[in-house]
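> Fold the following, please.
(2 chains)
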Amino acid sequence: MLNASLKQLSAMLAARKISSVELTSEFLKRSRALNPTYNAFITLDEETSLAQAQAADTLIASGRGQSLTGIPIAQKDIFCTKGWLTTCGSKMLSNFISPYDAHVIGRFNAGGAVNIGKTNMDEFAMGSSNETSFYGPVKNPWDTAAVPGGSSGGSACAVAARMAPAATGTDTGGSIRQPAALCGISGLKPTYGLVSRYGMIAFASSLDQGGPMAKSAEDLALMLNVMAGFDARDSTSLEREPEDYTRDLEKPLEGLRIGLPKEYFVKEIDEDVARAVEAAIGQYRKLGAKTVEVSLPNTKLSVPVYYVLAPAEASSNLSRFDGVRYGHRAPDYLDLNDMYRKTRSQGFGAEVKRRILIGTYVLSHGYYDAYYIQAQKLRRLMAQDFAGAFEQCDVIMGPTSPTVAFNLGERSSDPVQMYLSDAYTIAVNLAGLPAMSIPVGFGHKNRPVGLHIIGNYFAEAQMLNVAHQYQLASDWHTRMPKE
Amino acid sequence: MSLSLDDVKRVANLARIEISEDEACRTLTQLSGIFGLIEQMQAVDTSAITPMSHAQDVMQRLRADAVTEIDQRELFQSVAPQVEAGLYLVPKVIE
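Presented below is the predicted three-dimensional model:
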């Protein structure tokens, strides 16, 4: 059952071979047992989860079950969840019981899914290793000396260790795809605007996008069917006809054109990662795909551009945390300004403060044009690079991360090194494109390697097809770490 | 461009983050590293390019000017640090 797909679990529930209460109890028991080792969850709440499972069983019994009814889903602690502690991995929100549901949470609730717990994450989603969480780092279930990636590291770990059948994540610069790669699972960042950001605690609003994390592409498609959809409460939510993201899964790949950017296959990639990625591309050729070299000439600029735009937006978004209406407030202060300064100094961790300071600086008088506007211009160049590449290919492939999971503590003292590890994933957020990571083998110390698949705008169904066909011909996605 | 300790302190003040002398010094080193990376942007001539603020070129939606929210003041104030008589309490600003 631990390795069962969402479709299989749903069929078992519908056939009454198992109840949602039994299924949920099983995953809760496992999560309780493994969490002291992995630290994947910030909050587990058996009572609430089992009450949801009970309600799901009633729905199923009355014949009103949907695709995810009764299935336990782990929710990243960035999604406001009514009645649940919602911390965003920060001391600032360590006492915040959300009074409302994020749109995504509402969609899962409406579909009868069970919330199995809130997953650990880098503080305010700022990090690539889960080490910036106020609740301590998550461990990689393949090797507890390694990071799980970030910021959705708790979600990636929970799925990889089979503590939950599937999870949600959010991706601002790679926060779904990089931890998915490092933990050996599948993860998808949708086209910007597909999944509502309402109730998803904001980091960089023009880049943030929620998405699913699961064992397989087929599971991702079922999750995305629930998560995607127009929401008037998010001003950037796109009004589009609902899609069935499973519709193209079975299409053969004959004639698929895979673009391989020459800037992605460079000496900065570790040999073990390059080997696994090339083997996966070889498999795609066997499945009938053709490869074509493309160029994304401004790839190298994605990290600098991102570290202007994301902190700028973050410094503005995080100004709301002032200790007045919710969250942490410093116990002692002299006056209002002192209360703000002490509250924010105590409530935010080092990485969050660093990014707020960068953002405040690049937006300050005299520097706005040189940094912020210049970064926005380069952002357009990068989007144009992708548009040019997609004239020659259907999807773009490369490594999700240049290395396998690194050791805990290895990069935490050098922010620049940490930032550079996200070079491949960041450009996708800047352009607003959809992309995913799927497991394609193991490298150094038996740590997982992820293949990055980038699609054109709204090509989610096609990307899922591309990933699913590979998973039909391989079994990396079924491997699970030893306990 | 090089960042000074005064820049760090000025920005910390603008961002309303209390910062000690020690922290300011450490932050200066780290921010200088990050700005070294950011400087790479200046090498590209972008004079003919329009800034891109957003991934999708969409217009802001308009809606009818009608009340859509219900009063949930008590619920929202239940998570506030300090409230009294339905008001959020903050230190005195005006003498």
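> Next, the contact list for residue 7, please.
I'll assume chain A. A:Glu218, A:Asp219, A:Leu222 (CB atoms under 8 Å, 6 or more residues apart in numbering or on different chains). C-betas here are computed from N, CA, C, even on glycine.
> that answer is for a different chain, and I need it for chain B
Contact analysis of B:Asp7 by CB under 8 Å, 6+ apart lists A:Tyr361.
> still on that earlier bit, tell me the most packed of the contacts of A:Lys7, by neighbour count.
In terms of neighbours by other CB atoms under 10 Å in any protein chain shown, those top out with A:Asp219 at 28 neighbours.
> What strand or helix carries that residue?
Element membership of A:Asp219 [criterion: DSSP states H and E] is helix A:217-227.
> Just after that helix, pick out the following helix or strand.
strand A:257-261.
> Which other helices and strands does the helix or strand just after that next one contact?
Later in the chain than strand A:257-261, the nearest helix or strand by DSSP H and E is helix A:271-286. When contacts are defined as 3 or more CB pairs under 8 Å, 6 or more residues apart in numbering or on different chains; DSSP states H and E, helix A:271-286 sits against strand A:257-261, strand A:290-294, strand A:395-399, strand A:435-442, strand A:448-455, helix A:460-472.
> could I get the contacts of A:Lys7 as JSON lines with distance to A:Arg344 and pLDDT?
Shown next, in JSON lines, are these (distance: CB to CB, whole Å; pLDDT from 0 to 100):
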{"residue": "A:Glu218", "distance to A:Arg344": "44", "pLDDT": "98"}
{"residue": "A:Asp219", "distance to A:Arg344": "39", "pLDDT": "98"}
{"residue": "A:Leu222", "distance to A:Arg344": "41", "pLDDT": "98"}
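> What about the closest residue to A:Pro137 other than its chain neighbours, how many residues nearby?
What sits nearest to A:Pro137 in space, not counting adjacent residues and going by CB to CB, 6 or more residues apart in numbering or on different chains, is A:Glu131, at 4.6 Å. Using other CB under 10 Å, A:Glu131 has 23 neighbouring residues.
> SS state for A:Glu131?
When classified by DSSP: H, G, I helix; E, B strand; the rest coil, A:Glu131 comes out as coil.
> and it, how far is that from A:Arg355?
15 Å (CB to CB, to the nearest Å).
> now B:His54
For B:His54, the distance to A:Arg355 equals 20 Å [CB to CB].
> Looking at the two, which is more packed in?
For B:His54 versus A:Arg355, neighbours defined as other CB under 10 Å are more numerous around A:Arg355 (27 against 15).
> what residue ranges in chain B score low on pLDDT?
Applying pLDDT under 70 to chain B flags residues B:1.
> Would you pull up the residue in it closest to chain A?
B:Ala55 (2.3 Å; CB to the nearest CB).
> got a list of what the nearest residue to that residue once chain neighbours are set aside touches?
Computed as CB to CB, 6+ apart, the closest residue to B:Ala55 that is not its neighbour in sequence is A:Gly432, at 2.3 Å. By CB under 8 Å, 6+ apart, A:Gly432 lies in contact with A:Thr191, A:Tyr192, A:Gly193, A:Ala383, A:Tyr457, B:His54, B:Ala55, B:Gln56.
> what two of those are the furthest from one another?
Greatest spatial distance in these: A:Gly193 and A:Ala383, 14.2 Å, computed using CB to CB.
> the more surrounded of those two?
Neighbour count, other CB under 10 Å: between A:Gly193 and A:Ala383, A:Gly193 has more, with 24 against 18.
> Pop out the phi and psi values for residue 8.
No chain specified, so I'll use chain A. When read as degrees, to the nearest 10, the backbone of A:Gln8 gives phi -70, psi -40.
> circling back: return the closest of the contacts of A:Gly432 with respect to A:Asp77.
For the contacts of A:Gly432, the closest approach to A:Asp77 (CB to CB) belongs to A:Tyr192, at 22.1 Å.
> So that closest one sits against A:Thr236, correct?
Yes. A:Tyr192 lies in contact with A:Thr236 (CB atoms under 8 Å); the separation is 7.2 Å.
> between the two, what contacts are shared?
A:Ser206, B:Gln56.
> Compare the two and say which is more crowded by neighbours.
More neighbours surround A:Tyr192 than the other of A:Tyr192 and A:Thr236, with 25 against 20 (other CB under 10 Å).
> Read off the pLDDT value for that one.
Listed pLDDT for A:Tyr192 reads 97.
> tell me the contacts of it?
Contacts of A:Tyr192 by CB under 8 Å, 6+ apart are A:Ser206, A:Leu207, A:Gln209, A:Thr236, A:Asn429, A:Gly432, A:Leu433, B:Ala55, B:Gln56.
> again with A:Ala167
Neighbouring residues of A:Ala167 by CB under 8 Å, 6+ apart: A:73-76, A:119, A:152, A:155-156, A:158-159, A:212-214.
> Point out the ones among these that are inside strands.
Using DSSP state E, A:Ile73, A:Ala74, A:Gln75, A:Lys76, A:Thr119, A:Pro212, A:Met213, A:Ala214 are the members of the contacts of A:Ala167 that sit in strands.
> Surely the third one and A:Thr168 touch.
The one in question is A:Gln75. Yes. Applying CB under 8 Å, one finds A:Gln75 in contact with A:Thr168, separated by 5.3 Å.
> Can you name the residues that contact residue 25?
I'll assume chain A. A:Leu50, A:Ala53 are the contacts of A:Ser25 under CB under 8 Å, 6+ apart.
> wrong one, chain B
B:Leu5.
> do the same with A:Asp219
Counted by CB under 8 Å, 6+ apart, A:Asp219 has contacts A:Ser5, A:Leu6, A:Lys7, A:Pro165, A:Ala166, A:Ser186, A:Pro212.
> let's go with 7 Å and repeat that
Contact analysis of A:Asp219 by CB atoms under 7 Å, 6 or more residues apart in numbering or on different chains lists A:Ser5, A:Leu6, A:Ala166.
> same thing with A:Thr172?
Listed by CB under 7 Å, 6+ apart, the contact set of A:Thr172 reads A:Ala125, A:Phe203, A:Ala204, A:Leu207, A:Asp208, A:Ala310, A:Asn429.
> Any chance of a markdown table for the residues you listed, columns pLDDT, distance to A:Glu26 and neighbour count?
What follows is the contacts of A:Thr172, written out as a markdown table (pLDDT from 0 to 100; distance: CB to CB, whole Å; neighbours: other CB atoms under 10 Å in any protein chain shown):
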| residue | pLDDT | distance to A:Glu26 | neighbour count |
| --- | --- | --- | --- |
| A:Ala125 | 98 | 30 | 31 |
| A:Phe203 | 97 | 34 | 26 |
| A:Ala204 | 97 | 38 | 23 |
| A:Leu207 | 97 | 37 | 24 |
| A:Asp208 | 97 | 33 | 25 |
| A:Ala310 | 97 | 39 | 27 |
| A:Asn429 | 97 | 36 | 29 |
